[in-house]
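>>> have a look at this fold, sequence not included:
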């Protein structure tokens, strides 16, 4: 019952529930896929595309690169998939490269057009002086510490 009351109160005040965006997988751009060529070794493909998200144990000749992004405000759910196929440990075929966005298109989808205003992080000398005056450590009078111990003899250790 308390949950319903809290939910009703949040909805009544106009508060929205925060939903974090979820990005899963590894993004592969059209430019990366264009660098693939038949005859490349598995290591060469891994250098271009990165580690595949899916490597099926039963079909070792296929690697899948999957990327999804959901719950991003003002952006539809993104789903991209690229599959590469090997024969005798060399690249034989690629599927899905034509559906991948370019790097520029991907950045634009994620909000490249936002207006960011740079902040002035430079402090002028007057501000620095005021900061130093406000944050000066208080002067405290500590008792003088003896420079030598009062006694140099110690009690005997128990046997």
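Cool, got the structure. This structure is a prediction, so every number in the text was calculated from the model and none was measured. Numbers count the residues shown, from 1 in each chain.
>>> which parts of the chain are strands?
22-25, 54-55, 62-70, 78-87, 90-95 (DSSP state E).
>>> go through the last one and flag the buried ones.
Read that as strand 90-95. 91, 94 (16 or more other C-beta atoms under 10 Å). C-beta here means a position set from N, CA and C on the backbone, and glycine is covered the same way.
>>> identify the residues contacting that strand?
Contact with strand 90-95 is made by 33, 36-41, 44-45, 82-86, as judged by C-beta atoms under 8 Å, 6 or more residues apart in numbering.
>>> what about 7 Å?
Strand 90-95 has contacts (C-beta atoms under 7 Å, 6 or more residues apart in numbering) with 33, 36, 38, 39, 40, 41, 45, 83, 84, 85, 86.
>>> closest to residue 59 among those residues?
residue 85 (9.1 Å; C-beta to C-beta).
>>> for the closest one, what are its contacts?
61, 62, 92, 93.
>>> list phi and psi for the first one.
Main-chain torsions, residue 61, degrees, to the nearest 10: phi -90, psi 10.
>>> hmm, it is touching residue 86, no?
Yes. In this structure, residue 61 is within contact of residue 86 by C-beta atoms under 7 Å, at 4.7 Å.
>>> more neighbours, those two?
Neighbour count, other C-beta atoms under 10 Å: between residue 61 and residue 86, residue 86 has more, with 17 against 13.
>>> Provide the partner residues of the more buried one in its beta bridges.
Residue 86 has these beta-bridge partners by DSSP bridges: residue 91.
>>> OK, contacts around it?
If you count contacts by C-beta under 7 Å, 6+ apart, then residue 86 has 42, 61, 92 around it.
>>> tally of neighbours for the first one?
So the one you mean is residue 42. Residue 42: 15 neighbours (other C-beta under 10 Å).
>>> which one of the strands of the chain lies nearest to residue 158?
Going by C-beta to C-beta, the one of these nearest residue 158 is strand 22-25, 65.7 Å.
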